[in-house]
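A.B. asks: attaching a predicted model along with its sequence, questions to come.
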Amino acid sequence: MIHIKTKEEIELIRESCKIVAETLQLVKAHIKPGITTKELDQIAEDYIRSSGAVPAFKGYSQVGSFDYPASLCTSVDEEVVHGIPGSRVLLDGEIISIDVGVVKNDYYGDAALSVGIGNLTPEKIKLLEVTEKALYLGIEKAIAGNRIHDISSAIQTFVEANGFSVVRDLCGHGVGKFLHEEPSIPNFGKKGTGPLLKKGMTLAIEPMVNMGTYKVKTNSDGWTVMSADNKPSAHFEHTVLITNGHAEILTVC
Ligand code: MF3
Ligand code: CO
């Protein structure tokens, strides 16, 4: 069932989403060659807790692996999503996806962005630009009366027209009372199909875009999703609120 949020619930989700956005901007400001992903995670966790919230990913369980151990997902280059922060040092020329979720007053917010470290190849710059634009094109279709796959199709069409591929094994999702709610929001699909969008839905839209094949594999830590051909991947995500007009992006500060 797709939950339609009340006014009161929306205010709580809005508050969590603001903390998510602030955390992302803070972490982004610290990204530079030489910093480790673990240091970024500590910055995020400190900020989230100082805001009276709790990191939503920490302790999250997934069948077949240990509970997620960190506040951020930090996914570098060929890592698509769910990279675990650790001793990895960021290097000039790499790209990194930072994904953060928080829970406060029992309501969740979730967002991600990708950025380059130092000087990037033109292909990597294009990958970042196309993935971010794909997110906004998807959000443009997130209007009451449209269907979920209108979002999916807009993302897929733009990404593939630019010579990249959309990951199929992972999707966006409803968010609010839980980190992951219905509906699932694939980044590929046929427009005019899928669940109807209604005012009061809160959705996390999150294109994951690969430079090469759309296929992915999970590495030996049981969490980190990587591109099957080890080519770079980017990821952007916003939590949005469906209204009568254009969706309101909640993960902004
Ligand atoms: N934004 C991601 C998602 O919606 C992050 C989940 S990380 C996890 O799937 F640890 F919570 F699984
Ligand atoms: Co998400």
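C.D. replies: Structure received. Numbering: from 1, shown residues only. Ligands and ions are numbered 1, 2, ... in the order given.
A.B. asks: interface residues of this structure facing ligand 2?
C.D. replies: Taking C-beta under 5 Å from the ion as the test, the list of the chain residues beside ligand 2 reads 110, 204. C-beta: built from backbone N, CA, C; applies to glycine.
A.B. asks: is the lengthiest helix in the chain positioned near ligand 1?
C.D. replies: Using DSSP state H to assign secondary structure, the helix with the most residues in the chain is helix 7-30. No: where contact is defined by C-beta under 6 Å from any ligand atom, no part of helix 7-30 touches ligand 1; the two come within 10.0 Å at best.
A.B. asks: other SSEs contacting that helix?
C.D. replies: Contact partners of helix 7-30 among helices and strands, from 3 or more C-beta pairs under 8 Å, 6 or more residues apart in numbering; DSSP states H and E: helix 37-50, strand 95-104, strand 107-116, strand 238-241.
A.B. asks: which positions within stretch 78-85 qualify as buried?
C.D. replies: Judged by neighbour count using 16 or more other C-beta atoms under 10 Å, the buried positions of stretch 78-85 are 78-85.
A.B. asks: helices along this structure, start to end?
C.D. replies: For the chain, the helices defined by DSSP H cover 7-30, 37-50, 122-140, 148-161.
A.B. asks: ranking those by burial, who's on top?
C.D. replies: Highest mean neighbour count of the helices of the chain: helix 148-161, a mean of 22 (counted as mean count of other C-beta atoms under 10 Å).
A.B. asks: pLDDT of that one, averaged?
C.D. replies: Here the mean pLDDT over helix 148-161 is 99, rounded to a whole number.
A.B. asks: and it with helix 122-140, angle?
C.D. replies: Angular relation of helix 148-161 and helix 122-140 on a 0 to 180 degree scale: 160 degrees, by axes from the mean of the first three to the mean of the last three C-alpha atoms, to 10 degrees.
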